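Mind looking at a prediction? Sequence and model below.
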Amino acid sequence: MTNITASVDPSSFLQFFNHESSQGFRLTLIQRSSILTLHQLNFGISKIAELTHCDPRTIQHWVTHYQEHHSLEDEPRSGRPRVTTEETDTSIVAAATETPITTPRRIRAELGIDASARTIRRRLDEAGLFGRVARVEYPFDHTDITERLEFAHQHEAWTRSQWGRVMFGDEAYMCLGVHGQIWVQRPQDTAYLSQFMVQGQTNFAPKIGIWACFSGQGVAGLRIFDGDMDTRLYTDTMDQFMKPWALRFWPDGPWFYLHDNAGYHGSRGSYTWFHNKGVELIKLPPHSPDLNPIENLWGDLKRRIERRFPHNLSELSQFLAEEWESTPRSTCSNLVDSMPDRMQAVIDAEGHKTGY
């Protein structure tokens, strides 16, 4: 009698196996079928394991599984039973709908639910109420909207090349410690509805002030200061930091400096300095951080600083300088390239806040 095992070349089955797939990874149906075929050709478990590099227990599992179920498909899993009742689920959704500025932990405490915050998070997701960071609402009035629209229309024809000759500058305050974001439970595409936004809040944590500027060519000057910015400090910063960097970026030809409408930006002293120095200004309309891409850099910079956990203001200053300097040039150029899209977004939103 011919030995069928000896007459079969097992290598024809091994094309479906590799080392990576046999070391704890889920086997495909083809791989399972190959194991079963080798077993039915009288190859022993240990021999199949040697040939396929599969764990013998895995091989035995699929051989036994086929003998019991006549299938190599995974058995349907029942999953863990729900720990909340339909009535509790309704209460969870109702609480988040009535008070969207909340969290699963707060809902759990207020309703006295004997389930984890993660479970409540899943119930809200099932209802289409996803956890998102609440946007800050700005008090736009008719004048603000009009000015934003006028600004966007004035600059909608500007090319990326023109925006590439603009220096973007601003001041910000970096606080010591990690400052949590405010979460809101809301449906998709509702980020800028008033009921899902929060008013700007004052933070009393230890902080330092920074002024910085950048262009499409990369980050430029950074100045760290104590206290508050005023006209004297602002014009001195323009003289020592902004203009020297602008002339380094654009030694020939026109260039512009863009800033917002902070009081000391438009003061008599600042206006005189810009006029005497021959600096062409682009002044943003009120409440328009979405039109100044340095705001995006501030957010990125703050996240990088928080990941380094500065313990004091000295470390905070050091990390700020290091992280600002390490900002990729590509990040800056991408932000500047977004300016035409920002103008169009304001026009599309009829002057209201945009997603930038």
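Perfect, I can see it now.

Count the residues that sit near Ser326.
Neighbour count of Ser326, defined by other Cβ atoms under 10 Å: 10. Heads up, the C-betas are built off the backbone N, CA and C, glycines and all.

Let me fix that, I meant to ask about Asp236.
Neighbour count for Asp236, taken as other Cβ under 10 Å: 14.

Same question for Ser71.
The tally of other residues near Ser71 (other Cβ under 10 Å) stands at 10.

in stretch 224-244, what's buried?
Buried residues in stretch 224-244, counted by 16 or more other Cβ atoms under 10 Å: 224, 229, 231, 233-235, 237-238, 241-243.

I meant stretch 299-315, not that one.
301-302, 304-305, 310.

Make TSV out of those and add secondary structure.
Formatted as TSV, these follow (DSSP: H, G, I helix; E, B strand; the rest coil):
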residue	secondary structure
Leu301	helix
Lys302	helix
Arg304	helix
Ile305	helix
Pro310	coil
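
Could you point out which of those residues is nearest to His69?
If you rank the buried residues of stretch 299-315 by distance to His69 using Cβ to Cβ, Arg304 comes first, at 53.0 Å.

pLDDT score for the closest residue in space to the closest one that isn't next to it in sequence?
Spatially, and ignoring its direct neighbours in sequence, Arg304 is nearest to Glu323 (4.6 Å; Cβ to Cβ, 6 or more residues apart in numbering). On pLDDT, Glu323 comes in at 95.

for the one 10 residues further on, same thing?
At Ser333, the predicted lDDT confidence score is 96.

list the contacts for Met229?
Counting by Cβ atoms under 8 Å, 6 or more residues apart in numbering, Met229 touches 171, 209, 211, 262, 264.

can you tell me which of the buried residues of stretch 224-244 are in helices?
In helices, judged by DSSP state H, the following of these are found: 231, 233-235, 237, 243.

and Ala212, which of the three is it?
Going by three-state DSSP: Ala212 is strand.

element containing the spatially closest residue to it that is not a sequence neighbour?
The shortest distance from Ala212 to any non-neighbouring residue, by Cβ to Cβ, 6+ apart, is to Leu222 (4.5 Å). Taking DSSP states H and E as the definition, Leu222 sits inside strand 218-225.

chain center to that strand, what's the gap?
Chain-centre distance of strand 218-225: 24 Å, with Cα atoms, centre = their mean, to the nearest Å.

In it, which residues are buried?
Buried residues in strand 218-225, counted by 16+ other Cβ under 10 Å: 218-224.

what residues does that strand touch?
Residues outside strand 218-225 that contact it (Cβ under 8 Å, 6+ apart): 167, 208-214, 233, 237, 240-242, 244-246, 248-249, 297, 317, 320-321, 324-325, 327, 329, 332.

For the buried residues of strand 218-225, give me JSON lines that also has distance to Thr103 and pLDDT.
Below are these laid out as JSON lines (distance: Cβ to Cβ, whole Å; pLDDT from 0 to 100):
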{"residue": "Gly218", "distance to Thr103": "39", "pLDDT": "95"}
{"residue": "Val219", "distance to Thr103": "36", "pLDDT": "95"}
{"residue": "Ala220", "distance to Thr103": "40", "pLDDT": "94"}
{"residue": "Gly221", "distance to Thr103": "40", "pLDDT": "88"}
{"residue": "Leu222", "distance to Thr103": "36", "pLDDT": "94"}
{"residue": "Arg223", "distance to Thr103": "38", "pLDDT": "95"}
{"residue": "Ile224", "distance to Thr103": "35", "pLDDT": "93"}
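
With distance to Arg82 as extra columns, can I get those in JSON lines?
Output for those, formatted as JSON lines (distance: Cβ to Cβ, whole Å):
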{"residue": "Gly218", "distance to Arg82": "53"}
{"residue": "Val219", "distance to Arg82": "51"}
{"residue": "Ala220", "distance to Arg82": "56"}
{"residue": "Gly221", "distance to Arg82": "58"}
{"residue": "Leu222", "distance to Arg82": "53"}
{"residue": "Arg223", "distance to Arg82": "57"}
{"residue": "Ile224", "distance to Arg82": "53"}
